[in-house]
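**Q** Quick one, what's the 3D model for this:
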Amino acid sequence: MKRSIEDTPVVFIGAGNLATNLAVALYRKGFRVVQIYSRTEESARTLAQAVEADYTTSLSGVSTDAQLYVVSVKDDALTELLPQLTAGREKALWVHTAGSIPMDIWQGHAERYGVFYPLQTFSKRRLVDFREIPIFVEGRTEEDVRFLKQIASALSHKVLEATSEQRRNLHLAAVFTCNFTNHMYALAERLLQKHDLPFDVLLPLIDETARKVHELSPRLAQTGPAVRYDTGVMDKHLDMLADEPEMQQLYRLLSDDIHRLA
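**A** Residues are numbered from 1 along each chain as shown. The predicted model follows:
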């Protein structure tokens, strides 16, 4: 009898934000997550309980029987752990989930390898719906690419192939889109707190700004004093930031670049 793809035994190396969301998403789709490895026992145990798996904090305790190993750890940790992880497990399929690490990092350590990269921001405290998350896959062989696409398609409607170079640029674009934007929220929150104003008054503005780029290009959706280079308003804002020189500098840089693109 032909086995379904969900029968594939999966081991997760890492129990952080992305690993937690991905392991739970696979588990909910009926996949067999058999083990979680993490250096931290609490993280390993918590995720293992969520997906009914075993866990270990020892590299020597990582199962040798899985068919798919999903490595979701910090970039420098992956390089460090790679030889120990794959030893005795070279014939399994190994994938990492990093945007900035090339696929060929596996070369010489595993026979089958690839990348499984969901383009989203993840937090342990907030599980996301994978159906609309783009998942980018890469594999050493066409057979493994097809296999990874099957897994990705069980989670998402948006599954694409991407080379390591394309994925690296996706990750850079994502840093601007997500991390830098969220930092702007943090700075705005700090400004409001100084004047006893709640951050949630900005939420309708944040939501509408995000909705607009579903219909308009970001360049056309841009509004504000920098677009029209309203120096009167901009100079007042800079004066208000006199006690925040770093924010003042950031305001100037962003305003100049907004006007340049406009």
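**Q** which residue ranges form the strands in the stretch 151-262 of the chain?
**A** Residue ranges of the strands in the stretch 151-262 of the chain, as given by DSSP state E, counting those that start in this stretch, are 159-161.
**Q** low pLDDT regions in it?
**A** Of all residues in the stretch 151-262 of the chain, none has pLDDT under 70.
**Q** mind listing the helices for it?
**A** Assigned helices in the stretch 151-262 of the chain, in chain order: 164-174, 181-194, 203-212, 218-221, 225-228, 231-240, 245-261 (criterion: DSSP state H, counting those that start in this stretch).
**Q** Highest mean neighbour count out of those?
**A** Among the helices of the stretch 151-262 of the chain, helix 225-228 has the highest mean neighbour count (mean count of other C-beta atoms under 10 Å), at a mean of 16. The C-beta positions use only the backbone N, C-alpha and C, and glycine is treated the same way.
**Q** Packing partners of that one?
**A** helix 231-240, helix 245-261 (3 or more C-beta pairs under 8 Å, 6 or more residues apart in numbering; DSSP states H and E).
**Q** Report the distance from it to the chain centre.
**A** Here helix 225-228 is found 32 Å from its chain centre; the criterion is C-alpha atoms, centre = their mean, to the nearest Å.
**Q** just to revisit the earlier point, would you format the helices and strands packed on helix 225-228 as CSV with distance to K149 included?
**A** Below are the helices and strands packed on helix 225-228 laid out as CSV (distance: least, C-beta to C-beta, whole Å):
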stretch, distance to K149
helix 231-240, 49
helix 245-261, 36
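**Q** can you tell me which of these comes nearest to R146?
**A** helix 245-261 (40.6 Å; C-beta to C-beta).
**Q** who touches that closest one?
**A** Outside helix 245-261, the residues that touch it by C-beta atoms under 8 Å, 6 or more residues apart in numbering are 187, 219, 222, 224-227, 229, 234, 237-238, 241-242.
**Q** Could you do stretch 206-215 as well?
**A** By C-beta under 8 Å, 6+ apart, stretch 206-215 touches 185, 221.
**Q** ditto for stretch 92-105
**A** 18-19, 22, 66-72, 75, 78-79, 82, 85-86, 106, 109-110, 112-119, 138-140, 144, 147-148, 164, 167-168, 170-171, 174.
**Q** quick one: terminal-to-terminal distance for that stretch?
**A** From its first residue to its last, stretch 92-105 covers 16 Å (C-alpha to C-alpha, to the nearest Å).
**Q** Check stretch 5-24 too.
**A** By C-alpha to C-alpha, the extent of stretch 5-24 from end to end equals 16 Å.
**Q** For it, buried residues please.
**A** Buried residues in stretch 5-24, counted by 16 or more other C-beta atoms under 10 Å: 8-16, 18-24.
**Q** Which of the residues you listed fall in strands?
**A** Among these, the members found in strands (DSSP state E) are 9-13.
**Q** Centre of the chain to the edge, which residue is at the far end?
**A** Here the centre of the chain is the reference, and by C-alpha atoms, centre = their mean the most remote residue is G232, at 39.9 Å.
**Q** Against T56, how distant is that one?
**A** Separation of G232 from T56 (C-beta to C-beta, to the nearest Å): 63 Å.
**Q** Same question for A19.
**A** Taken as C-beta to C-beta, the span from A19 to T56 is 14 Å.
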